[in-house]
Structures are given as structure tokens and as C-alpha cells.
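Peer 1: Next come a sequence and a model predicted from it.
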Amino acid sequence: MKRKILVGVVCLFAVMRMGVADATAASQKAKKAQKSEKPAPETPLTAEGEKLITKYSEMLKTLQAEIDKALPLIDEQEKAAYLKTRDVEKAAEANRNAKQADLDKNRSGAGLLSHHKAWLDRATKGVAEAKEKLKQAEAMEGDKEAKAKAVKEAQEALANIQKNYDMAVDATKGAQDAVDKAKLVEPKLIEVLEAAEKALVLAQANTMKAVKELNLGDFLASDKLDAKLVKCVILKDAAPRGLAEYAEQGKDLETLLDKLLADDVLMLQMAVADGANGDKYAKAMEIYTAIQKASDKAKDGVLQKLALAVALEHAVPVKQSNPAAKPDAPTTVDPLKRYLHFEKAYLAGELDPRFKDLSVWDYRMVVNGDEPDEIIGWGREMLRNYRPDEISTPDYRWRYVQAVKTEVKYGSGDQKNDRPELQNYQNIIMNGGVCGRRAFFGRFILRCFGIPTVARPQVGHATLAHWTPDGWVVNLGANWGCGSKGIGKYDTDLDFLAMTQARKVEKTCLRVHRARWVGDVLGEKKAFGFKSASGFWNELALLIQRQIIEEAKAVALAAVGTDIGEANESKEKDVVQKVVLSDEDKAIVTDKNGIITIPAVACSTSTNSPGKILFMESKLGGKQMHYNRSGDPLNFEYTLMAPEAGKYALTARVVTTSAEQHLLVTANDAVEQADIAVPFTTGMWDKTPPVEVSLVKGKNVLRFSRGGQNIKGLTIKDLTLKPVK
């Protein structure tokens, strides 16, 4: 007996460790709600609505029948052979994972030993300090009673610290013994794991052989059924009743929906991009149509894809994050304005040069931010003014998002200084935060420049991942496979990564989508990872996906910024752009009125910390100087010639992203420093209030340092000295 099924040619795929992600809190709540609550009663349809539901139901039924007839045949014995080899492969994979877990558990003692060694180091220092304090107390002269009290307190403190030291010694010894025993066992565990991996590779090869014998690769590679498949998927996912409820609201809406269902190319684009959020295809079509009416440029090319991405992503409204001082601001993002914002930025050349190369699926992860459109514009302008080097860095792993590393201070102590008139992301760069706020800002600044990005949480820590020309990379966290939750529709972060890798081979990746669409049409539960794949077609889609990845020899990029996820100082070496300063860049100019202009890059001395002061190209033309937030305070100075002796009003053209910043300056041998209260410019160019300095005729030296308790980054274009009359 033969049965109709669709399958593709797949081949041996690489051994991959599959991380198991926890269900999201939202999904857990939804499942509980489904079990404990009765579904809400359906709103009765109008007479017109009843006609429409019949219309869409018949359309769906007809398509399903046509697809069923079009599917090729496969022998049941061939299918059974495939399923058997697949079961063997699953068992081999489970065994390999178990052996890997045994090895990981055996190695886990190394981390505990490191922790105990650090404890012992602290305890050792504590004992030494306590002994020194006791020695000082015993050497006290004068009041005997005070001495006796001090000695007693020091002895008690030493006794307590000694107990802590003894505990640390015992714990470290125990951990060391465990590690030593583990090392003896490890070779055998490695041997067992390697045998399990070889068995898995063999099982995978047998599965691929069985799949290949199905001999249906030509069907999978064909696009002849695409139009019917995607239309059927949209009708099924949106549901005839849901479509009827939408269309019965007006003839114009029914016409709009009919237009969608007649547009094979558009429906294919939607399906390839993972469909409309919430399966709200009608709403997506409404948004898409409104965008195209508002802009002729949205009809083709990059901007058509962008328009569709906005429509699909905003089919379910995106909540907008507004400043606390603006309670009347819109609560959701306006999709039309979101599109028009990015259209204008794209045409003005303000987005990343590779923005034009992205897909609809990619664009969705650019346009879905919670920030108001004006804040997106602020983000681009701020970084262009403040740290243009982080825009032009050739290292795409850190392009734009390096601002988290250099500018967003780790720690929650300053969050109390958040200002209600500022939007969340403006407050974050000003006052810093722990992992959550830093990851939020990183994703925000990437979106500002058109770089796709997603949240990639792991246990106890928030991180992000984003697109690069070489593949997706994790910032500020552990490598792929360490995610604690899925990403969007994808069960695990590894499933998401696999899809990004397969999509790079766009034409071949259509085979993955086709297999998944057939599964959807035939009633299988959607699956975007092996963890939830229970149907033949969805599992087949994932096998094809892994085949594509193997053939493309895709390599996952290693995470960057792992050591700075919860710290301020990174051991990773940054790619520093070399800036050549010409004589013109450093030229100090005095005009006919005696006003002296000093380029910030003309500083003649910088001390203490290399890399603290950076020179970079300026949006205003020429060069500018940036005083880095990290590291120890650094002094810098300028040597200049004054045409006349006297008092001069000193101002500086600056950019700041934090409040309460100061510059201290002395002229020549002045004893007292003048305090320049640097304005909080929120990333825009502004001038400092003038301070008076006294210059002599001829050679002068201005020495600068930073003042205040919380030194943050500061960008300076130039300094101006105007004679005080």
C-alpha cells in the first residue's frame, strides 16, 4: 500500500549538542490558563459573517484536497524503514547526551575548587590582617583599660577569622580531593562519550540513507505547489472564523482580504518570514496596504520588504515605552510611523550599509522595538556625535553595541537618578544598570542602525544576540547553547541559530519551509526545534535544515563580551581604529579678535592610562577627542601661544550622555583649579559655561583633569579662549 507524503533529500549532518530550553513564563501561564479556564464564548457573527465563514471554509477545504492530490506517493515499507532508523538515531542521541552530561558533571568540581580557593585566599589575608591588628593592640601605650579592651576585641576577631580560615582550608581540601578523583575517572568518561558520538554518527548516516531511498527530492525542490501551500497555511492559521470576523466589519475590509488571498507572491513572502504575529494576517494586510498608500517607495525592493516586516511584526500591537513624564503618549507603536521613520533613515544613508541586504525575516527584528520613533532617531544622532568610532568599527560583533561595554556602567546604584523626562534608554546610558538594562540598551542601539537583534536570556542573566555578515553572535553572555529559554517561535537558542544559518542559503532553505507548510496543512503541530517536533513533516523540515547547515559548513560565532556581562572591565582586546592626526587637525588658531580655538586632539600630554583618551573622526568635520569612562582618571594638557596677557573666557564644545560631569583646568602655574560644569547634553553638541583663566603673553599651558565622584565619558570637539574685556 502507498500513502501520500512529502519528503526531501537529506544527508549526514554534523553532531550537535542540543540545549534544552525551559518554557517561557508566558507559555506556562497560558497553558495553566487553558486548563483552568473555560474558553471565552464566541461573538455571534452577522448574516454576512456567516456567509464569509462559509466562503473561507470552502476555500480552505478545496485547497487541502488539491494539495492532497498533488503530494507524491511513498511506499509504506520505505517510510517504516525511515522511521525505524530515526528511532535508533534518537536513542543514540539521548545516549550521547547522557554521556556528555556525565562528563560535564565530573568536571563541575573544578568550578567549586576555584570558588573555594578564592575563599581561602580571602581568609588567608583576613588572618594576616587580624594578626596585625592584634599586634598593634598589644603594642598600645597609655590607658591600660583601653588597651585591654582593644586586645580582647582583636583576639575575638582573630578567633572568628581563624574559624573561617579553617573552614576554607577543609572545603578547599575536600574540593581538591574531589577534582583529583575526577581526573582519574575522566579518561574513561571521555572514551565512553567518544564511543557514543561514533554510534550517533553511524545512526545518523543510516537515517539519511533511509531518507534518501524515499527518492522524493525533486518534489521538495519544486515550487509548483508553493502558492497553494502558503494560501492554505494562511487560511488555516488565521482561521476562517477569524477572517470572517474581520471581513464582516466592512466591504472594504473584505476586499482587502480578498486582495491578500489572490496575491501568491505576497503570501509566499509572508509565509517564508514566519507569518503574521498572532496569525493576524488580515491586520497585517491592513497595515501593509496603509504603508503602500502612504509611500510609493514601499512597493518594491528593500522598502517593500521593510514594509512587509513592519506589517507582520505589528499585526499584534507593540507596547511603547515612554518617559514617565509623558503619561499621555501613545501606548503602542504606530506601525505606519515606524515604517516611515526607517524609510527616511534608509534613504538618508543613516542605517548600516548592510541594511539593504537583509530579508523580511531579518527586518522584523529591527522594527519591533518598544522605543518611540523619535528615540530611535536620538540613538543614531547620539552615537554619531558621541562615539562615531563605534559606528565605523570594522568588527561587526561590536559595531554599535560596543556602547554597552564602554558607556553603560555596570551596577544598579545610580538608577535612583533616572529622570522622568528621559526615555528608558536615555536613562540607561546615563545611569547604567545590571545585565537586564545593559542588554536592553544593546538591542536598542542595534535597532537604531537597522541591525536585527533578539533577547538571548540564560540562567540568572540577560544577554542579547544580533546579526553580523558572518552570522549571528551573542553579546555579554555565554555561547550558543547556554540559553535558558527559546527565542520567539524557536524552542531553544540553538534552534534559532540553526534557522539563521539555514536562511543564509535562501533558495535551498525553501525546502525547509515547504516541508513545514505541508505538515501544517495536514494538521501537525508547528515545530521549530526537535524538542517539540512530533509530526513527520515538521521533523523532516528540521532534518533538511540541518542538512543545509552541514553542506554550507556553517560555523557558529563565539560569544563576545562574556567576561563583561556583569562587570565593567573586559579582558577582551578591542579592535581600535587608528586615526592619523594631521598638522591641520592639531592646528591652534588665533583670529583677528584674539580668540583662540584649540582642537581637542591637539593635547600635548596625556598620562596614566593608555587608551583613556581616544581620537576619532567627527561628524562635524575634522577630528574629536573622547575621554573614556573606564580606567583611572587621566590628565591632559595643551600648549598654546596667547597674543596678549590677561583674562580669557574658556568654553568647550562637548557631548555628554550623563549628568553632573566636570572638567578641572589650571593655566600655567595657577594654584587653584577652575571647575567647568559640563552640561548634560543628552548626546547632542553643546558648549560649556565660560570660566575665566589668566594667560601670559606668549607660551601658556592649560592642564585638564576630571572632577566629581562619578566620572563618565566625555567627548570634546574644541576649546575656545575669548579675551575678557
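Peer 2: Received it, and whenever you're ready, just let me know what you need.
Peer 1: CA atoms only for stretch 194-214 - export them in PDB, please.
Peer 2: Written as PDB, here are the backbone C-alpha positions of stretch 194-214 (Å, rounded to 0.1, in the frame of the first residue of the first chain):
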ATOM      1  CA  GLU A 194      33.600   9.200  22.000                       C
ATOM      2  CA  ALA A 195      32.000   5.800  21.500                       C
ATOM      3  CA  ALA A 196      28.600   7.300  22.000                       C
ATOM      4  CA  GLU A 197      29.300  10.000  19.400                       C
ATOM      5  CA  LYS A 198      30.600   7.500  16.900                       C
ATOM      6  CA  ALA A 199      27.400   5.500  17.400                       C
ATOM      7  CA  LEU A 200      25.300   8.600  16.900                       C
ATOM      8  CA  VAL A 201      27.200   9.500  13.600                       C
ATOM      9  CA  LEU A 202      26.500   5.900  12.400                       C
ATOM     10  CA  ALA A 203      22.800   6.100  13.300                       C
ATOM     11  CA  GLN A 204      22.500   9.500  11.600                       C
ATOM     12  CA  ALA A 205      24.100   8.000   8.400                       C
ATOM     13  CA  ASN A 206      21.600   5.200   8.500                       C
ATOM     14  CA  THR A 207      18.700   7.600   8.900                       C
ATOM     15  CA  MET A 208      19.900   9.700   5.900                       C
ATOM     16  CA  LYS A 209      20.300   6.600   3.800                       C
ATOM     17  CA  ALA A 210      16.700   5.600   4.600                       C
ATOM     18  CA  VAL A 211      15.500   9.100   3.800                       C
ATOM     19  CA  LYS A 212      17.400   9.200   0.500                       C
ATOM     20  CA  GLU A 213      15.800   5.900  -0.500                       C
ATOM     21  CA  LEU A 214      12.400   7.700  -0.400                       C
END
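Peer 1: Centre of the chain to that stretch, how far?
Peer 2: 36 Å (C-alpha atoms, centre = their mean, to the nearest Å).
Peer 1: Report the mean confidence score over that stretch.
Peer 2: Average pLDDT, stretch 194-214: 90.
Peer 1: Equivalent analysis for stretch 328-343, please.
Peer 2: Mean pLDDT, stretch 328-343: 98.
Peer 1: Please apply the same query to stretch 404-413.
Peer 2: On average, the pLDDT along stretch 404-413 is 92.
Peer 1: tell me which element the closest residue to residue 367 other than its chain neighbours falls in.
Peer 2: Once flanking residues are discounted, residue 367 sits nearest to residue 310: 5.0 Å by C-beta to C-beta, 6 or more residues apart in numbering. The C-beta positions use only the backbone N, C-alpha and C, and glycine is treated the same way. According to DSSP states H and E, residue 310 maps onto helix 301-313.
Peer 1: Show residues contacting that helix.
Peer 2: Residues from elsewhere that reach helix 301-313 (C-beta atoms under 8 Å, 6 or more residues apart in numbering): 266, 269-270, 273-277, 284-285, 287-288, 291-292, 295, 297-298, 335, 338-339, 342-343, 346, 355-356, 358-364, 366-368.
Peer 1: Can I have the buried ones of those as a PyMOL selection?
Peer 2: To isolate the buried ones among the contacts of helix 301-313 in PyMOL, judged by 16 or more other C-beta atoms under 10 Å, type:
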select buried, resi 266+269+270+273+274+275+276+277+284+285+287+288+291+292+295+297+298+335+338+339+342+343+346+355+358+359+360+361+362+363+364+366+367+368
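Peer 1: Out of the contacts of helix 301-313, which sit inside helices?
Peer 2: 266, 269-270, 284-285, 287-288, 291-292, 335, 338-339, 342-343, 346, 360-364, 366-367 (DSSP state H).
Peer 1: domain ranges for the chain?
Peer 2: By the assignment in automatic domain parsing, the chain contains the domains 90-215, 372-477+561-571, 589-723.
Peer 1: so which of the ones you listed gets nearest residue 247?
Peer 2: domain 372-477+561-571 (30.8 Å; C-beta to C-beta).
Peer 1: roughly how far out does the closest one sit from the chain middle?
Peer 2: Worked out by C-alpha atoms, centre = their mean, domain 372-477+561-571 lies 8 Å from the chain centre.
Peer 1: Could you tell me the end-to-end distance of that domain?
Peer 2: In domain 372-477+561-571, first residue to last residue: 35 Å (C-alpha to C-alpha, to the nearest Å).
Peer 1: can you check stretch 268-287 too?
Peer 2: End residues of stretch 268-287 are separated by 17 Å (C-alpha to C-alpha).
Peer 1: I'd like to know the average pLDDT value across it.
Peer 2: Across stretch 268-287, the average pLDDT comes to 98.
Peer 1: And for stretch 115-135?
Peer 2: Mean pLDDT, computed over stretch 115-135, is 93.
Peer 1: what do you get for stretch 470-489?
Peer 2: Mean pLDDT, stretch 470-489: 95.
Peer 1: same check, this time on stretch 621-636
Peer 2: Averaged over stretch 621-636, pLDDT sits at 84.
Peer 1: Now that stretch: buried residues?
Peer 2: Using 16+ other C-beta under 10 Å as the test for burial, stretch 621-636 gives 622, 623, 624, 625, 626, 627, 628, 629, 630, 634, 635, 636.
Peer 1: which ones among those residues are found in helices?
Peer 2: Judged by DSSP H, helices contain none of the buried residues of stretch 621-636.
Peer 1: Please identify which of the residues you listed is nearest to residue 155.
Peer 2: Nearest to residue 155 among the buried residues of stretch 621-636 is residue 630, at 42.6 Å by C-beta to C-beta.
Peer 1: quick one: the closest residue to residue 409 other than its chain neighbours and residue 408, what's the gap?
Peer 2: Excluding its sequence neighbours, the residue lying closest to residue 409 (C-beta to C-beta, 6+ apart) is residue 432, at 3.3 Å. Distance, residue 432 to residue 408, by C-beta to C-beta, to the nearest Å: 5 Å.
Peer 1: got any residues that touch both of those two?
Peer 2: Common neighbours of residue 432 and residue 408 (criterion: C-beta under 8 Å, 6+ apart): residue 438.
Peer 1: chain center to whatever helix or strand residue 193 lives in: distance?
Peer 2: Under the criterion of DSSP H and E, residue 193 resides in helix 144-212. The chain centre lies 32 Å from the centre of helix 144-212; the measure is C-alpha atoms, centre = their mean.
Peer 1: so what does it touch, helix or strand wise?
Peer 2: For helix 144-212, the contact count by 3 or more C-beta pairs under 8 Å, 6 or more residues apart in numbering; DSSP states H and E identifies helix 76-107, helix 109-138, helix 536-552 as packing neighbours.
Peer 1: Let me know the pLDDT of the spatially closest residue to residue 356 that is not a sequence neighbour.
Peer 2: The spatial neighbour of residue 356 that comes closest, neighbours along the chain excluded (C-beta to C-beta, 6+ apart), is residue 302 at 5.0 Å. Looking at residue 302, its pLDDT is 98.
Peer 1: count of residues packed around residue 302?
Peer 2: Counted with other C-beta atoms under 10 Å, the neighbours of residue 302 add up to 17.
Peer 1: Pretty sure residue 489 sits against residue 526.
Peer 2: Yes - counting by C-beta atoms under 8 Å, residue 489 does reach residue 526; the two are 7.5 Å apart.
Peer 1: give me the low-pLDDT residue ranges for the stretch 501-650 of the chain?
Peer 2: For the stretch 501-650 of the chain, applying pLDDT under 70 flags the ranges 575, 605-611, 630-633.
Peer 1: Just checking: what are the partner strands of whichever helix or strand residue 701 is part of?
Peer 2: Secondary structure from DSSP H and E places residue 701 in strand 698-707. Applying DSSP bridges, strand 698-707 is found paired with strand 636-642 (antiparallel), strand 661-667 (antiparallel).
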